[in-house]
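I'd like to go over a predicted model; first the sequence, then the structure.
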Amino acid sequence: MSEIAARPPLGQAGADPHSIPLEKIDVSDSEIFATDTLWGYFERLRREDPVHYCPDSEFGAYWSVTRYDDVVAVEKNPEVYSSARSIVVGDPDPEFPLEAGFITMDGPRHIAHRKVVQPVASPRNLAYLEPLIRERVIEILDSLPVGETFDWVDRVSIELTTGMLATLFDFPYEERSKLTYWSDMATASPAQTGAAGVTEREREEVLRDCLSRFTELWNERKDAPPTERLDFITALANSAATQDLDPMEYLGTLVLLIVGGNDTTRNSITGGIVALNENPDEYQKLRDHPELIPNMVSEIIRWQTPLAHMRRTATQDAELAGKRIKKGDKVVMWYVSANRDDAVFDDPDAFLIDRENAKQHLSFGLGVHFCMGSRLAEMQLRVLWEETLKRFREVEVVGTPERVFSNFVKGYTQLPVRVHPW
């Protein structure tokens, strides 16, 4: 396997976005996400060059699509903008060709594979899961140390979402921390893994361990009689469309389901705390009007945008917002930018829990690849805030949030907080 050497910093983080020549802007730079200095670059691209060509990046040349309507145009045209090669800026390593399951498929094959696991996130199954989610939320919140500083990411965000993942996979609950580890390793950038002292080869070995453990579960559940509660592994192992998956396809599907069920909800849970602390008037509005929680959940997901982008590959020459896209070009839809487009969202950088069109966000994608777990994510956030507001007047951020070094997962590694009861 080839090792990937991270490039030196580009010098964009913290710089004036207008001090850099337009053609030199590279928004795939993970450092601007880790330092939360991305916003000016995307605002400039939306205004000056909304379909922007970056000829040279760590991941090769690519187009950035930064306006809401242009992202929608790409999402609605999967025949021209294909998911089949990759959904992230970079291409898979040919010696370890990990793809992200059915999200990197097109057409009938994508539909068939998606249908296999979709019932796990169906309204019927969610009705079964909600009492369990509430029970776990109550247990987590009641265990928090009042009057002491602790890490919200570790004690709440990870604990809740990892427990939910274990349920969705019917994965041994006592081993659930492995799911978080595998998710983090699957989405880590080359620079992040290098900084942590983990090489790409070691990352590959971790993911092979993931595959090995889930293969054991597959073999246990193959030909198992149906049960009332649905789980991903039993569904995959016993469906005609997926029962013959090769190992890398199976691993890719696992990574898709783990990351989709973990990183998105986990980072929205943390992002909501950050947003309310940065906007104390909105926090008071929430205390006064708890009925706004469902709408606030949508605004949290818009404001945070837990997955910053998805990538497509042009299957033919095309035109987008006046730019000529060539067959084979990488086209990156920056949801994180579209969700701050002032043509759609008034005062887009503001966090407003009663924003009328908060549900218009693109954090779950659109069209054939719309996130099938969107309702589950919203339900977890809603239940968490219902129970949090019953117990605590405030979850106070008492230190600087530490953000993930990634241009894909827009999230947090640590958030020091204290809880204040009513």
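Sure thing, it's come through. Residues are numbered from 1 along each chain as shown.

For the stretch 151-300 of the chain, which segments count as helices?
Secondary structure of the stretch 151-300 of the chain (DSSP state H, counting those that start in this stretch): helices at 152, 159-169, 177-187, 190-195, 200-221, 232-237, 247-278, 280-288, 293-304.

outside of the shortest one, which residues touch it?
The reference is to helix 152. Helix 152 is touched from outside by 270, 273, 395, 415-417, with contacts defined as C-beta atoms under 8 Å, 6 or more residues apart in numbering. For the C-beta atoms, the positions are set from N, CA and C on the backbone; glycine is no exception.

repeat that for 10 Å
Helix 152 is contacted from outside by 144, 158, 269-270, 273-274, 395, 397, 401, 412, 414-419, using C-beta atoms under 10 Å, 6 or more residues apart in numbering.

Of those, just the buried ones, ChimeraX syntax please.
Only the buried entries of these go into this ChimeraX selection, using 16 or more other C-beta atoms under 10 Å:
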select :144,158,269,270,273,274,395,397,401,412,415,416,417,418,419
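
now, among the contacts of helix 152, which is nearest to F345?
Of all the contacts of helix 152, F345 sits closest to V274, with 18.6 Å by C-beta to C-beta.

returning to what we had before: out of the contacts of helix 152, which one has the weakest pLDDT?
Within the set of the contacts of helix 152, pLDDT is lowest for I158 (92).

ok, for that one, nearest residue in space, not its chain neighbours?
T180 (5.6 Å; C-beta to C-beta, 6 or more residues apart in numbering).

pLDDT weak spots in the stretch 201-350 of the chain?
Applying pLDDT under 70 to the stretch 201-350 of the chain picks out residues 227-228.

ok so, going back, spit out the contact partners of the residue nearest to I158.
154, 158-159, 161-162, 165, 258, 262-263, 266.

one step back: which stretch among the helices of the stretch 151-300 of the chain comes nearest I25?
With respect to I25, and counting by C-beta to C-beta, the nearest of these is helix 190-195 at 18.5 Å.

pLDDT averaged over that closest one, what's the number?
45.

Counting neighbours, show which residues of stretch 213-226 come out buried.
213-214, 217-218, 221.

Let me have those in a markdown table, adding distance to E75 as columns.
A markdown table is the format used below for the buried residues of stretch 213-226 (distance: C-beta to C-beta, whole Å):
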| residue | distance to E75 |
| --- | --- |
| R213 | 34 |
| F214 | 30 |
| L217 | 33 |
| W218 | 32 |
| R221 | 34 |
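
between the residues you listed, which is nearest A377?
F214 (22.1 Å).

how many neighbours does the closest residue to that closest one other than its chain neighbours have?
Once flanking residues are discounted, F214 sits nearest to L254: 5.5 Å by C-beta to C-beta, 6+ apart. Using other C-beta atoms under 10 Å, L254 has 26 neighbouring residues.

check contacts around L254.
100-101, 169, 179, 182, 186, 207, 210-211, 213-215, 218, 232-233, 236.

Buried subset of these as a PyMOL selection?
Command for PyMOL that selects the buried part of the contacts of L254, burial taken from 16+ other C-beta under 10 Å:
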select buried, resi 100+101+169+179+182+186+207+210+211+213+214+218+232+233+236
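
Name the nearest of the contacts of L254 relative to K326.
Nearest to K326 among the contacts of L254: A100, at 24.2 Å, using C-beta to C-beta.

And the pLDDT for the closest one?
51.

Please renumber the chain so that the first residue is 33 from this point on.
Okay, using 33 as the starting number, the last item reads as A132.

gap between E428 and L421?
Using C-beta to C-beta, to the nearest Å, one gets 14 Å for the distance from E428 to L421.

about what we covered before: return the closest of the contacts of T212 with respect to L77.
Set against L77, the nearest of the contacts of T212 by C-beta to C-beta is D295 (24.5 Å).

The closest residue in space to the closest one that isn't next to it in sequence pairs with what?
Spatial nearest neighbour of D295, excluding adjacent residues (C-beta to C-beta, 6+ apart): V441 at 4.8 Å. For V441, the beta-bridge assignment (DSSP bridges) gives partners L339.

Kindly report the same for E426.
Under the criterion used here (DSSP bridges), E426 is bridged to H452.

so it makes contact with P312?
Yes: counting by C-beta atoms under 10 Å, E426 touches P312, with 9.1 Å between them.

Comparing the two, which shows the higher neighbour count?
E426 (19 against 10).

Distance check, that one against D202.
Counting by C-beta to C-beta - E426 and D202 are separated by 37 Å.

Torsion angles phi and psi at R356?
phi -90, psi 110 (degrees, to the nearest 10).

Tell me who's in contact with it.
With contacts taken as C-beta under 10 Å, 6+ apart, R356 has the following neighbours: 83, 85, 349-350.

And it, how close does it get to L416?
46 Å.
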